[in-house]
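J.: Provided below for reference: sequence and predicted model.
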Amino acid sequence: MKQSLFESRHQPDWDAFNSQLEALERGKSKTQSYHGFAASYRQLCQHLALAQARGYSSHLIDQLQQLAMRGHQQFYRHRSHLGAQMIRFLFGFPRLVRSEWRSVCVASLLFFGSLGLMGLLTYLYPELIFSLVSPDQVSEMEGMYDPDARRLGRFSERGSGDDWVMFGFYIMNNIGIAFQTFASGLLLGLGSLFFLLFNGLMIGAVAGHLTRIGYGEPFWSFVIGHGAFELTAIALAGAAGFKLGWALLAPGRLPRGEALRLAAGKAIQLVAGVILFLLLAAFIEAFWSSTTFASPNIKYAVGAGLWVLVLSYLLLAGRRQHATD
């Protein structure tokens, strides 16, 4: 069936379903607006599957996907307990990351690529560190990761009673960096590009310098644990920003405002997962990474396990549920 015939035949059904959604989203009574909603929702999902299978235009598929997403939220809104909603989010987030693999790959390549390249260059050419970091800051960082320090990282002189204070500090600091990286995507993606490269270069320069002067063991044993969540979150925030920027640069057949609205729906869902990752990173950094009671080898083992956990979660979680949805 041609797309034009498919649209003309089913557009009244989609308009009616959209009216039901708007009524439910405005909070009108369930008895008035929910009548026949489940059947309409299933029908819309069938239409979406047909449009995808037949290779109809991305404009039509995006329109149906947005209706399906809103329908899914309303369908389960009054049926789910908080625990069920959390489980659905935990399995839905990695599916979303995989569906946005292009922007995720670009952001990850920029961030981790610049980090690794700058780390290598700083290790080989020691004076390069001063092109990004002032001598006073370099001296401060060396003090943070001195092998003789009782505790490691930022604010290394604090006592164990300050861990909760630092947990709050890490949350605010990390979320601020992630929000910058995401929201600056509105500058046609250039802001996200800048912050990904800037943070990658800065982290790489510090890592290369500290490794070269013999402070590698305290530094790497400190960052490997929380880095699994924190660094991944920064890359995902950049991917969300790129999604906003691309909607403005290449809106397709849609007006830029509408394209941005559609892109923002998925981008904000990505940011919700980013915030969860940063909360976990802050907790690990405050209560595990900064302590010295565990040997570096133990920290390396735990950190490696966390990296495997994060990658396995993003690549594998939710696949079985996706097949049955």
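T.: Yes, it's here. Numbering: from 1, shown residues only.
J.: count of neighbours near residue 8?
T.: Counted with other Cβ atoms under 10 Å, residues neighbouring residue 8 total 10. (Glycine included, C-beta is placed from N, CA and C.)
J.: chain center to whatever helix or strand it lives in, what's the gap?
T.: When secondary structure is defined by DSSP states H and E, residue 8 falls within helix 3-25. Distance, stretch centre to chain centre, for helix 3-25: 32 Å (Cα atoms, centre = their mean, to the nearest Å).
J.: kindly report the same for stretch 110-117.
T.: Between the centre of stretch 110-117 and the centre of its host chain there is 17 Å, according to Cα atoms, centre = their mean.
J.: swap in stretch 210-220?
T.: Between the centre of stretch 210-220 and the centre of its host chain there is 29 Å, according to Cα atoms, centre = their mean.
J.: begin at 118, not 1, for the rest of this chat.
T.: In the new count, where the first residue is 118, that last one comes out as stretch 327-337.
J.: hmm, who's touching it?
T.: When contacts are defined by Cβ atoms under 8 Å, 6 or more residues apart in numbering, stretch 327-337 is touched by residues 236, 239-240, 243, 258-259, 262-264, 266, 269, 323-324, 413, 417.
J.: inside helices: which ones of these?
T.: The helices, defined by DSSP state H, take in 236, 239-240, 258-259, 323-324, 413, 417 from the contacts of stretch 327-337.
J.: just the buried ones from these?
T.: Among the ones in helices among the contacts of stretch 327-337, the ones that count as buried by 16 or more other Cβ atoms under 10 Å are 236, 239-240, 258, 323-324, 413.
J.: with adjacent residues omitted, what lies nearest to residue 165?
T.: Closest residue to residue 165 in three dimensions, ignoring its sequence neighbours and counting by Cβ to Cβ, 6 or more residues apart in numbering: residue 181, at 4.2 Å.
J.: what are the buried residues along stretch 303-317?
T.: When burial is assessed from 16+ other Cβ under 10 Å, stretch 303-317 yields the following buried residues: 303, 306, 308-310, 312-317.
J.: how about the ones in helices among the contacts of stretch 327-337 in a markdown table, adding distance to residue 354 and pLDDT?
T.: As requested, the ones in helices among the contacts of stretch 327-337 are exported to a markdown table (distance: Cβ to Cβ, whole Å; pLDDT from 0 to 100):
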| residue | distance to residue 354 | pLDDT |
| --- | --- | --- |
| 236 | 21 | 96 |
| 239 | 24 | 96 |
| 240 | 27 | 96 |
| 258 | 24 | 89 |
| 259 | 29 | 87 |
| 323 | 20 | 95 |
| 324 | 20 | 96 |
| 413 | 29 | 89 |
| 417 | 27 | 95 |
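J.: which one of the residues you listed sits closest to residue 228?
T.: Nearest to residue 228 among the ones in helices among the contacts of stretch 327-337, counting by Cβ to Cβ, is residue 236 at 12.6 Å.
J.: got the phi and psi for residue 407?
T.: Residue 407 has phi and psi values of phi -80, psi -10 when expressed as degrees, to the nearest 10.
J.: likewise residue 370?
T.: Summarising the backbone geometry of residue 370 under the convention degrees, to the nearest 10, its torsions are phi -80, psi -10.
J.: and the nearest residue to it once chain neighbours are set aside, how many neighbours?
T.: Of all residues beyond its chain neighbours, the one nearest residue 370 is residue 176 (4.9 Å), with distances taken as Cβ to Cβ, 6+ apart. Applying other Cβ under 10 Å, we find 13 residues neighbouring residue 176.
J.: so which bits of stretch 360-378 are buried?
T.: By neighbour count with 16+ other Cβ under 10 Å, stretch 360-378 contains the buried residues 360-365, 368, 371, 376-377.
J.: can you give me the end-to-end distance of it?
T.: Counting by Cα to Cα, to the nearest Å, you get 11 Å between the two ends of stretch 360-378.
J.: hang on, the earlier thing: could you identify the most distant pair in the buried ones among the ones in helices among the contacts of stretch 327-337?
T.: Among these, 239 and 413 lie farthest apart (Cβ to Cβ), at 21.6 Å.
J.: quick one: residue 262 from residue 418, how far?
T.: Note on residue 262: its distance to residue 418, by Cβ to Cβ, to the nearest Å, is 20 Å.
J.: show the pLDDT at residue 287.
T.: In this prediction, residue 287 carries a pLDDT score of 80.
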